[in-house]
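# could you work out the structure for the sequence below:
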Amino acid sequence: MRKKFAINLAFIFVANLLVKPFWIFGIDRVVQNKFGPEVYGTYFAVFNYSFLLSIILDFGINNFNNRAVSRNHKRLGEYLLNLLTVKTVLAVIYFVFTLLWALYIGYKEQQITMLVFLAINQILLSIILYFRSNIAALQLFKTDSIISVLDRLFVIIFCMVLMYLPVFKDSFSIMWFIYAQTAGLFITALIAFGVIMSRGNLQFALWKPRFTSMILLKSMPFAMLALLMGIYYRIDAVMIERMLPNGATEAGIYAASFRLLDAVNMFGYLFATLLLPMFAGMIRRNEMTRSLVKFSSELMFAFAVIVSLDCYFFRNEIMQLLYHNSTPYWSKIFGWLMVNFIPMSSIYIFGTLLTARGNLKVLNIIAIGGVVVNVGLNLYMIPHYGALGATVATVITQFAAAGAHIIATNRQFGFSYDVKDALRISTFTLLSLATLFLIKMFALPWMLSLAIATAICALIASVIKLVPFSEVLSLLRSRAT
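Predicted coordinates:
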């Protein structure tokens, strides 16, 4: 199982590294630099608002479906038409409710126009994620990896045409940026549906209201979890834009850093996507999960520490490189926001394990606590410290949530970690901190310093066996032969 995990992890990382960094740095970042923090901040806040309510589209169906089909592949045909019918009804409810609530909280004409298409994008994304939940449940990981980057690939092509061809570039606007995303998502949804339909021997069941009600009842805990986690991960930008006099600009500054956190978080999400069906299958077969949990969590932790410390110590240089309007205030937000990747990496592993076992009550209790802490801190911090206050609130919330996930996992599965494991993790963290401090003292070009620091930290992780590079390489080599 560890071999299968390593192989598929390598493939999905390569697929995403080929496309998503170009989207983030070559398209999304360029759009913000072109239009400035105020215009992009308005877009970013409205986007996050549309994302907050997108749980109505899913209602926990995707996680439920992934877990159910992973256990019995014959359920794909049984569930497909029923759940697509449900998602169509939910899409209408989401669209109407999203617009009505936006009007209630005071969104103006420009924001409403953005919201209409961003809401359509969320509907298309929900459909794609549902199709992908089936593809991943069938353990077609390579196909799922390709589909996971298709929409971004199409949007990159569309935006390159719109931004750089003379006939379009002068009229390119933030709305054209949104339209390009709509087109990319629509084409990807069609392709994902084609993959599902290409699976042979599917016996489709017609819509059954009683069956649908049963699915929605079973999905409700998943829906509650997604809603709560979405609130304490996405509500910051919405609150910044609504609560401050210069809210759009502050939201744009926050977006500049959040973009990079989102970029590295894709690796955590990819871990979770691979691990969920694996954990579900192992639990169903009464297999021990501790080995895979230890392997994946330590691998993810080492990666998260290296990335977070690199970004914190080189925060000024990175922000000045990426953004025309960057100031020390931007860099301070970026440095602290990237620290979030450390606790979030743990949540991706341990939260996925709890989800695979169906411990939704525990997860929901943790998520409720996260919402209370995050919103409460934001209500105080944002008026006093702006986007920086929201950043500090997020760091506190994520570390608290990560600790709760680890404690809950240990109790539910009876895991215990010996002193040697804790010592290796602590040693790696302290040595990595020392490495960054020392490297910064030398008057080297910052990119060279960053590369040296990263290499040394990776070497430390390998030497103390926090990341078994030799084992991963041997797994890949045996697969190739």
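
# buried ones in stretch 243-252, by neighbour count?
Under the neighbour-count criterion of 16 or more other Cβ atoms under 10 Å, stretch 243-252 has 244, 247-252 buried. In this view, the C-beta of every residue, glycine as well, is placed from N, C-alpha and C.

# got it, and stretch 179-186?
So for stretch 179-186, counting by 16+ other Cβ under 10 Å, buried means 179-186.

# for the buried residues of stretch 243-252, which one is nearest Gln32?
Checking the buried residues of stretch 243-252 against Gln32 by Cβ to Cβ gives Gly252 as the nearest, at 6.9 Å.

# so that closest one makes contact with Phe44?
Yes: with contacts counted by Cβ atoms under 8 Å, Gly252 reaches Phe44, the gap being 6.5 Å.

# please enumerate the helices of the stretch 201-350 of the chain.
209-243, 247-284, 290-313, 315-322, 328-339, 341-357 (DSSP state H, counting those that start in this stretch).

# which of the ones you listed sits closest to Ile24?
helix 247-284 (4.7 Å).

# which stretches in the stretch 1-150 of the chain count as helices?
Using DSSP H, counting those that start in this stretch, helices in the stretch 1-150 of the chain cover 2-21, 29-52, 55-58, 61-71, 75-104, 109-137, 141-164.

# how close does the nearest residue to Leu153 once chain neighbours are set aside get to Phe177?
Using Cβ to Cβ, 6 or more residues apart in numbering and skipping the chain neighbours, the partner closest in space to Leu153 is Val19 (5.2 Å). Applying Cβ to Cβ, to the nearest Å, the value for Val19 to Phe177 is 17 Å.

# between these two, which one's more packed in?
Phe177 (22 against 18; other Cβ atoms under 10 Å).

# residues in contact with the more buried one?
The contact partners of Phe177, by Cβ atoms under 8 Å, 6 or more residues apart in numbering, come to 31, 43, 159.

# go on, Ala91?
57, 123, 126.

# in contact with the nearest residue to the last one once chain neighbours are set aside, which residues?
Using Cβ to Cβ, 6+ apart and skipping residues adjacent in sequence, the residue nearest Ser126 is Leu57, 3.9 Å away. Residues near Leu57 by Cβ under 8 Å, 6+ apart: 87, 90-91, 94, 122-123, 126.

# now do 6 Å
By Cβ atoms under 6 Å, 6 or more residues apart in numbering, the contact list for Leu57 reads 90-91, 94, 126.

# how about Gln181, secondary structure?
Using DSSP: H, G, I helix; E, B strand; the rest coil, the structure places Gln181 in helix.

# give me the pLDDT value at it.
We have a pLDDT of 95 for Gln181.

# what sits against it?
121, 155.

# distance of it from Gly41?
Distance, Gln181 to Gly41, by Cβ to Cβ: 18 Å.

# quick one, the longest helix anywhere in the chain and helix 290-313 angle?
Determined from DSSP state H, the single longest helix within the chain is helix 360-413. Relative orientation of helix 360-413 and helix 290-313, computed by axes from the mean of the first three to the mean of the last three Cα atoms, to 10 degrees: 110 degrees.

# elements contacting helix 360-413?
Applying 3 or more Cβ pairs under 6 Å, 6 or more residues apart in numbering; DSSP states H and E, we find helix 360-413 packed against helix 209-243, helix 247-284, helix 328-339, helix 341-357.

# out of these, which is closest to Ala461?
Of the helices and strands packed on helix 360-413, nearest to Ala461 by Cβ to Cβ is helix 341-357, at 13.7 Å.

# give me the contact list for that closest one.
264, 268, 271-272, 275-276, 279-280, 283, 296-297, 300, 304, 307-308, 363, 398-399, 402, 405-406, 409.

# mind listing what's buried in stretch 165-175?
Buried, per 16+ other Cβ under 10 Å, within stretch 165-175: 172, 174.

# over to stretch 357-371?
Buried-residue list, stretch 357-371, by 16+ other Cβ under 10 Å: 357-360, 362-364, 366-367, 369-371.

# quick check: Val30 vs Ala237, distance?
Distance of Val30 to Ala237, given as Cβ to Cβ: 20 Å.

# should've said Met319
18 Å.

# with adjacent residues omitted, what lies nearest to Ile406?
Nearest non-adjacent residue to Ile406 (Cβ to Cβ, 6+ apart): Phe350, at 5.6 Å.

# on that earlier part again, out of the contacts of Phe177, the closest to Ala256 would be?
Out of the contacts of Phe177, the member with the shortest distance to Ala256 (by Cβ to Cβ) is Val31, at 11.5 Å.

# wait, what's in contact with that closest one?
Val31 sits in contact with Phe177, where contact means Cβ under 6 Å, 6+ apart.

# circling back: including distance to Ala443, could the contacts of Phe177 go into a markdown table?
Formatted as a markdown table, the contacts of Phe177 follow (distance: Cβ to Cβ, whole Å):
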| residue | distance to Ala443 |
| --- | --- |
| Val31 | 35 |
| Tyr43 | 40 |
| Cys159 | 39 |
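
# those residues into a markdown table, with extra columns for pLDDT and distance to Met114?
Output for the contacts of Phe177, formatted as a markdown table (pLDDT from 0 to 100; distance: Cβ to Cβ, whole Å):
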| residue | pLDDT | distance to Met114 |
| --- | --- | --- |
| Val31 | 92 | 13 |
| Tyr43 | 94 | 6 |
| Cys159 | 92 | 16 |
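
# among the residues you listed, which one sits closest to Asp144?
Of the contacts of Phe177, the one sitting nearest to Asp144 (Cβ to Cβ) turns out to be Cys159, at 24.3 Å.

# for Leu292, give its distance to Ile127.
Distance from Leu292 to Ile127, by Cβ to Cβ: 31 Å.

# low-confidence ranges, the stretch 251-400 of the chain, go.
In the predicted model, the stretch 251-400 of the chain carries no residue with pLDDT under 70.
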